[in-house]
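Participant: Structure of the sequence below:
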Amino acid sequence: FSLVPTRYEDDTHFFLGFAFYNWWDAAHRDPSNPTSPPGMGRFTGMEVWVQDAQANNQTSTTDEVVYGTAIVDLGEPVEVLDGGRSYLDLVGEAAPLPAPSLDQYDEADLTRLRTQYNEIVYPDEFGLTEGEYKTGRWRKLREGVDYIYDDRLGWLSLTGSLGPNDALAVAYQYRTSTEQVVTVGDFQDPSQSGSATGNRTLFKLLRDNAPIATDAPWDLTMRNIYRVGGRSLNPQDFAVQVTYEQPGNTAQKTLPGVQISDGLTLLQALGLDRTNESGLPRPDDVIDFRPGYTIDAQNGRVIFPVREPFGRYLEGLLRNGRFVSGTELGVTVSGGYESAAPDLVFPRLYELKADVAERELNKLRRYAIEGEFKSASQSVFNVGFGLVEGSVTVTSGGVTLVEGSDYIVNETAGTVEIRNAIYLAPGQQIRVEVERNKLFSIGSKTLVG
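Facilitator: Residues are numbered from 1 along each chain as shown. You can find the predicted model right below:
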């Protein structure tokens, strides 16, 4: 496999609040023991709701469906509406944990949000943009089937990625380190009605159906997890490196003109290799195979222990030597950081949609996350470029699979990825039929005025 940084697994993994967004890098300072945010105990209950085509068409689902309103700053200080990055700079990595006492909504506001939702002008009354609240029908997802979540670090993974017009929201409970129970949203609240004219259920919004970088929910989508393919990976048959290919040269495991500490490779500098096979703090240029922290072995994913590996993290490392462990490394950049940064550091990757970043950030393609694995089954099929939109058909044993839930198509990469675990079991036969445009080419064009 070989992935450029823009090929992170988008719209699939989400922070459950801005405290968990802020704390992610600090949580992974010790590679052997990731830590919860200060004051955090564990999540004790989770409800995940999605607004999608099935939720809006009652006859197409047997899942529980309710009418609800999701708000991004529910349980959060109003400052989060400036966006997670601004909030991070304001309060630092140890942000306050989500709690009803922090948000701008008093009991009268909550009552109105539940009962007078059609009369509220959200931007005027609460300062919410269109991308920071969502009302309508929501379908409840099933834990362990549709999603899993980390009850200490505060993030969840969906089985399949959201569609471009889907929205995601949650309600949950957790215990603090002092055993206090905190509830965000109407978690397991039977008083809320499921009818169009009844009370609305209140959720915390994680993703709107039309994400924009300036809206607060943008930062709750994780962009540091890469699906390399395969299932049930094991450390003996898995290898990965991060490389940089300067024009006119072969790919290298270090950055040109950059010396980091004792010659750290990119794999080590980005935090994926900090221990040896025995767990001792001696990097050996082999990825630390830690399920749930650097690897999702079951689903073939690489997880970076820093939130923006090719953006703000790399900037802090090259500019000031700030390493994920919290220590400062000796870093020398030939010609100085400012002159080298345009070729090496890409904070815009995390401010643009993935397909836009792929078109605009040409130099980012010099990086590659590459390696090899042996797997119990194949999940990603290369079917070629130039696919005719809507032409892909996938079947298994005569059964036609459903795009979006059973499989996804990446027309840019020319791949079909099976997401439903049922069809990845040993012995399953997968048939993929596609139609391609007869005349198709990839090129670049520069317009200068």
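Participant: all helices for the stretch 51-200 of the chain, in order.
Facilitator: Under the criterion DSSP state H, counting those that start in this stretch, the stretch 51-200 of the chain carries helices at the ranges 53-56, 84-91, 107-115, 122-126.
Participant: Just send the ones you listed back as CSV, with mean neighbour count too.
Facilitator: Any C-beta I mention is one placed from the backbone N, CA and C, and that applies to glycine too. Listed next are these as CSV, based on neighbours: other C-beta atoms under 10 Å:
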stretch, mean neighbour count
helix 53-56, 17
helix 84-91, 17
helix 107-115, 14
helix 122-126, 14
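Participant: Any idea which of these gets closest to residue 138?
Facilitator: Between residue 138 and these, the shortest gap by C-beta to C-beta is with helix 53-56, which sits at 5.8 Å.
Participant: pLDDT of the closest one, averaged?
Facilitator: Rounded to a whole number, the mean pLDDT of helix 53-56 is 82.
Participant: Tell me how far it lies from the chain's centre.
Facilitator: 23 Å (C-alpha atoms, centre = their mean, to the nearest Å).
Participant: what's the distance between the closest residue to residue 384 other than its chain neighbours and residue 382?
Facilitator: Counting by C-beta to C-beta, 6 or more residues apart in numbering, residue 414 is the residue found nearest to residue 384 once chain neighbours are left out, at 4.9 Å. For residue 414, the distance to residue 382 (C-beta to C-beta, to the nearest Å) stands at 6 Å.
Participant: Residue 289 too?
Facilitator: Residue 289 sits 26 Å away from residue 382, going by C-beta to C-beta.
Participant: could you redo the helices of the stretch 51-200 of the chain as JSON lines and give each row distance to residue 224?
Facilitator: What follows is the helices of the stretch 51-200 of the chain, written out as JSON lines (distance: least, C-beta to C-beta, whole Å):
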{"stretch": "helix 53-56", "distance to residue 224": "28"}
{"stretch": "helix 84-91", "distance to residue 224": "14"}
{"stretch": "helix 107-115", "distance to residue 224": "33"}
{"stretch": "helix 122-126", "distance to residue 224": "31"}
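Participant: So for residue 166, which of the ones you listed sits nearest?
Facilitator: Go through the helices of the stretch 51-200 of the chain one by one with C-beta to C-beta and the one that ends up closest to residue 166 is helix 53-56, at 8.2 Å.
Participant: The closest one packs against which elements?
Facilitator: Packed against helix 53-56 by the contact rule (3 or more C-beta pairs under 8 Å, 6 or more residues apart in numbering; DSSP states H and E) you find strand 133-140.
Participant: Looking at residue 289 and residue 382, which one has more neighbours?
Facilitator: Using other C-beta atoms under 10 Å as the criterion, residue 289 and residue 382 rank with residue 289 on top: 17 against 10.
Participant: Enumerate every residue touching the more buried one.
Facilitator: Under the criterion of C-beta atoms under 8 Å, 6 or more residues apart in numbering, the neighbours of residue 289 are 235, 238, 295, 297.
Participant: and what of residue 114?
Facilitator: With contacts taken as C-beta under 8 Å, 6+ apart, residue 114 has the following neighbours: 69, 192, 199, 200, 201, 202.
Participant: tell me the strands in the stretch 151-300 of the chain, going along the chain?
Facilitator: Chain-ordered strands for the stretch 151-300 of the chain, with DSSP state E, counting those that start in this stretch as the definition, fall at 155-158, 167-176, 181-184, 201-207, 225-227, 238-244, 258-260, 295-296.
Participant: possible to save the ones you listed as TSV with mean neighbour count and distance to residue 83?
Facilitator: Below are these laid out as TSV (neighbours: other C-beta atoms under 10 Å; distance: least, C-beta to C-beta, whole Å):
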stretch	mean neighbour count	distance to residue 83
strand 155-158	21	18
strand 167-176	23	18
strand 181-184	18	20
strand 201-207	25	14
strand 225-227	20	21
strand 238-244	20	28
strand 258-260	18	30
strand 295-296	21	27
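Participant: for the stretch 251-400 of the chain, what are the low-confidence residue spans?
Facilitator: When residues are selected by pLDDT under 70, those of the stretch 251-400 of the chain lie in 376-378, 385-386.
Participant: What are the boundaries of the helices in it?
Facilitator: Using DSSP H, counting those that start in this stretch, the helices found in the stretch 251-400 of the chain span residues 266-269, 312-320, 337-344, 354-360.
Participant: Now mean neighbour count too, for those, in JSON lines please.
Facilitator: Below are those laid out as JSON lines (neighbours: other C-beta under 10 Å):
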{"stretch": "helix 266-269", "mean neighbour count": "24"}
{"stretch": "helix 312-320", "mean neighbour count": "19"}
{"stretch": "helix 337-344", "mean neighbour count": "14"}
{"stretch": "helix 354-360", "mean neighbour count": "15"}
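Participant: of all the contacts of residue 289, which comes closest to residue 15?
Facilitator: Compare each of those with residue 15 using C-beta to C-beta and the shortest gap goes to residue 295, at 19.3 Å.
Participant: Look up the closest residue to that closest one, ignoring the ones flanking it.
Facilitator: Looking at residue 295 with C-beta to C-beta, 6+ apart, the closest residue is residue 289, at 5.5 Å.
Participant: just residue 212 next, same as before
Facilitator: Closest residue to residue 212 apart from its sequence neighbours, by C-beta to C-beta, 6+ apart: residue 131 at 5.2 Å.
Participant: any idea how far residue 31 lies from residue 296?
Facilitator: Distance of residue 31 to residue 296, given as C-beta to C-beta: 16 Å.
Participant: and what of residue 102?
Facilitator: As judged by C-beta to C-beta, residue 102 and residue 296 stand 31 Å apart.
Participant: where's residue 211 relative to residue 351, distance?
Facilitator: Taking C-beta to C-beta as the measure, residue 211 falls 11 Å from residue 351.
Participant: Give the burial count for residue 273, as a bare number.
Facilitator: 24.
Participant: same question but for residue 303, I mixed them up
Facilitator: The number of residues packed around residue 303, counting by other C-beta under 10 Å, is 21.
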